[in-house]
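A.B. asks: sequence first, then the predicted structure, then my questions.
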Amino acid sequence: MALRFPPQSKTLRAHEGHLLRLARALPLLEHFSHRLHPLRLLRCKVVQGRHQFAEGTPQRDVIDHIPTTPAQQAPAKAVIAVATSPAAGEAHLEFSANHATSYDVLHKGPGDADFAVVADDIIQTVYNATGLAAGAHEYKVLGRNSRGTGPESDVSVVNVV
């Protein structure tokens, strides 16, 4: 029995069909394995979705944060709870917004005319910046979800040394 695979399949469905045919052929091959001495049969399991990543890994955390139902309302106004400079040239922010599934962080450094987005669509509620010049750095945060973007937080100032 010969198994043939096309050189390039154009869709995932075609690949799944080939895998199903291979799975059906394995018992037959195992039955004749005593005659196929040099041939070693390999069984594999195709794992898809969130179960392909172990719990606690960054990839699994990202997948687990993806909402499975649409948001019922837009995010509330974001709140920056912590805005500190833990070391020279660094800023640390902690923030939240009810109903938000991701966040945008905006920054305005000393001498900057306007705020600029420094992190967009992040799922973490913590932001760390390094390599900052000394002076007053201003930050704002916006919450987002499938219904839209919520109001900006109040400006928080971090005095970096």
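C.D. replies: Here it is on my side, so go on. Numbers count the residues shown, from 1 in each chain.

A.B. asks: show me the domain layout of the chain.
C.D. replies: Domain assignment for the chain, taken from automatic domain parsing, gives 12-64, 79-160.

A.B. asks: can you redo those as CSV with mean pLDDT?
C.D. replies: Below are those laid out as CSV (pLDDT from 0 to 100):
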stretch, mean pLDDT
domain 12-64, 66
domain 79-160, 97
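
A.B. asks: among those domains, which is the most enclosed?
C.D. replies: Greatest average neighbour count among the domains of the chain goes to domain 79-160 (a mean of 16), per mean count of other Cβ atoms under 10 Å. C-betas here are computed from N, CA, C, even on glycine.

A.B. asks: what about it, how long is it end to end?
C.D. replies: End-to-end distance for domain 79-160, by Cα to Cα, to the nearest Å: 21 Å.

A.B. asks: chain center to it, what's the gap?
C.D. replies: 19 Å (Cα atoms, centre = their mean, to the nearest Å).

A.B. asks: can you check stretch 48-63 too?
C.D. replies: With Cα atoms, centre = their mean as the basis, stretch 48-63 stands 10 Å off its chain's centre.

A.B. asks: same check on stretch 75-82?
C.D. replies: In terms of Cα atoms, centre = their mean, the centre of stretch 75-82 is set 21 Å apart from its chain centre.

A.B. asks: bridging residues for G135?
C.D. replies: V160 (DSSP bridges).

A.B. asks: list the contacts of the most centrally placed residue in the chain.
C.D. replies: When Cα atoms, centre = their mean is applied to the chain, the residue found nearest the centroid is V62 (3.8 Å). Applying Cβ atoms under 8 Å, 6 or more residues apart in numbering to V62 gives the contacts I123.
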